[in-house]
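Visitor: turn this into a structure:
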Amino acid sequence: MVLYLGLMSMGAMFHLIPPILPFVIGDQGLSHGQGGMLMSLFALPGIVLSLTSGWLVDRFGARIMSAMGILVMGLATVAMSQGDTFPLILTARMATGVGAVIAVVAMQRMVTRLFQGRPLGLPTGVSGSAVPLGIIVIYSVAGPMAEDLGWRVVPLRAGIVCVAVAVVFFLAGRTLFKPSANKQAADTSDSVRDSSEGLRLIWIAGLIWFFINGAMTAFLTFAPDHYLELGFGSRDRSLFTSIPMWCSALLGPVIGLLADRFGRKPIFIASGMGLLTLSLGLVAVDGITPVVVGLGLGAAMALVVTPLLSLPGELLPPSHHGRGFGILSTCANAGIFMVPPIAGKLRDFSEGYFLPFVLMACLALAGIGVAVILHRQAYFQNKRKMAKAL
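Guide: Numbering: from 1, shown residues only. Below is the predicted model:
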């Protein structure tokens, strides 16, 4: 439960900007390209620091690093609420990203350690539902709160809650965080495994992680503004934008169970990227209800996220789990940093959202091809392992 709260706080801090973005744009006189940068700057520290964070987590432990990351997120978000100018707001947002990259790598490492020696699909699916749930909470609360009290109240209160979660995480985690009893046996068997092939597969999976995080972050950043242009009110905009998160949170554990039972996780990932392509393409089509789009996006996320996040725990020895999640975090943050500003500039250039959503759909389409490559590489790696065993 403590770990779940930590992951929820990370999801909420990450997507704090989209529901209040129209208010920030109006208050600061920003372009949509600058609005996209405000969202994506959160990811810049992740590009630079994810691999280092993975090493630090492997070196100093996941619990301490998780609590530190959550604390930095909360303090920086409170500072953002006090920023008087756009550069100060950007700086605070980037500092929030520093805490987030430490926290997310550490908490993902905690999941693999707690369930070491067991199938990871279901634990990954359950823990993976925490981030969408945190996004749902912030989308449900932030828009109406900003409309009634001003946008600065949202990061102030969210940051205070995040600091409280960090304190709970630090105090309770010492008692509750007990790794699996299978840990020692798993360490012994895994220590002789060659990590080089596993890391190569993680880099391939990381490219898919780049595409889905870039596309979905751009969608979640601009969907409230898109629905505003279509004439929907604040509560309807929040509801429509949160549908993918609800669907992903509910389906994640189910997909985890299926992936553990049937294997072939790259096939799940390729199917999810195909559904993501179709759903993002439908956003650009007039007359398609946002409910249908949201359900498709949520199912696509569940098909990709749960199997993909279980790969470091399955492909790498325990001593390299932090580095594996660091690679994924680097790729995710690169997508988050690059895609929303490009989508925002396309919106400014075209004065509409058709081209931005076509861009997102093209990224998802590219992810299908990479997932096929991942499947082939994983297949040949398994064949080589079987040959060595014989």
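Visitor: run the chain-centre distance for stretch 315-335.
Guide: 13 Å (CA atoms, centre = their mean, to the nearest Å).
Visitor: what do you get for stretch 253-265?
Guide: 20 Å.
Visitor: can you tell me what sits against it?
Guide: 119-126, 128-129, 268, 302-303, 306-308, 310-311, 375 (CB atoms under 8 Å, 6 or more residues apart in numbering). In this view, the C-beta of every residue, glycine as well, is placed from N, C-alpha and C.
Visitor: can you pull the pLDDT of the nearest residue to residue 307 once chain neighbours are set aside?
Guide: Leaving aside its chain neighbours, residue 307 sits nearest to residue 265 (3.7 Å; criterion: CB to CB, 6 or more residues apart in numbering). pLDDT, residue 265: 84.
Visitor: neighbours around residue 265, how many?
Guide: 26 (other CB atoms under 10 Å).
Visitor: and what of residue 262?
Guide: Count around residue 262 with other CB under 10 Å applied: 11.
Visitor: how far away from the center of its chain is the host helix or strand of residue 261?
Guide: Assigned by DSSP states H and E, residue 261 belongs to helix 234-262. Relative to the centre of its chain, helix 234-262 is centred 13 Å away, using CA atoms, centre = their mean.
Visitor: likewise stretch 23-30?
Guide: On CA atoms, centre = their mean, the centre of stretch 23-30 falls 26 Å from the chain's centre.
Visitor: same thing with stretch 46-55?
Guide: On CA atoms, centre = their mean, the centre of stretch 46-55 falls 15 Å from that of its chain.
Visitor: residue 138 versus residue 167, what's the distance?
Guide: The gap separating residue 167 from residue 138 is 20 Å, by CB to CB, to the nearest Å.
Visitor: the more surrounded of these two?
Guide: More crowded of residue 167 and residue 138, by other CB under 10 Å: residue 138, with 27 against 13.
Visitor: what helix or strand does the more buried one sit in?
Guide: Short version, using DSSP H and E: residue 138 is in helix 130-149.
Visitor: name the helices or strands packed onto that helix?
Guide: helix 2-14, helix 153-176, helix 234-262 (3 or more CB pairs under 8 Å, 6 or more residues apart in numbering; DSSP states H and E).
Visitor: what residues of the helix or strand just after the shortest one count as buried?
Guide: Sequence-wise, the next helix or strand beyond helix 2-14 is helix 21-28, with elements assigned using DSSP H and E. For helix 21-28, burial by neighbour count (16 or more other CB atoms under 10 Å) applies to 21-25, 28.
Visitor: looking at the contacts of stretch 253-265, which are in helices?
Guide: Counting by DSSP state H, the contacts of stretch 253-265 place 121-126, 128, 268, 302-303, 306-308, 311, 375 in helices.
Visitor: out of those residues, which end up buried?
Guide: The neighbour count (16+ other CB under 10 Å) marks 121-126, 128, 268, 302-303, 306-308, 311, 375 as buried among the ones in helices among the contacts of stretch 253-265.
Visitor: that older thread, mind checking the pLDDT average for the helix holding residue 138?
Guide: 85.
Visitor: got it, and stretch 366-376?
Guide: 90.
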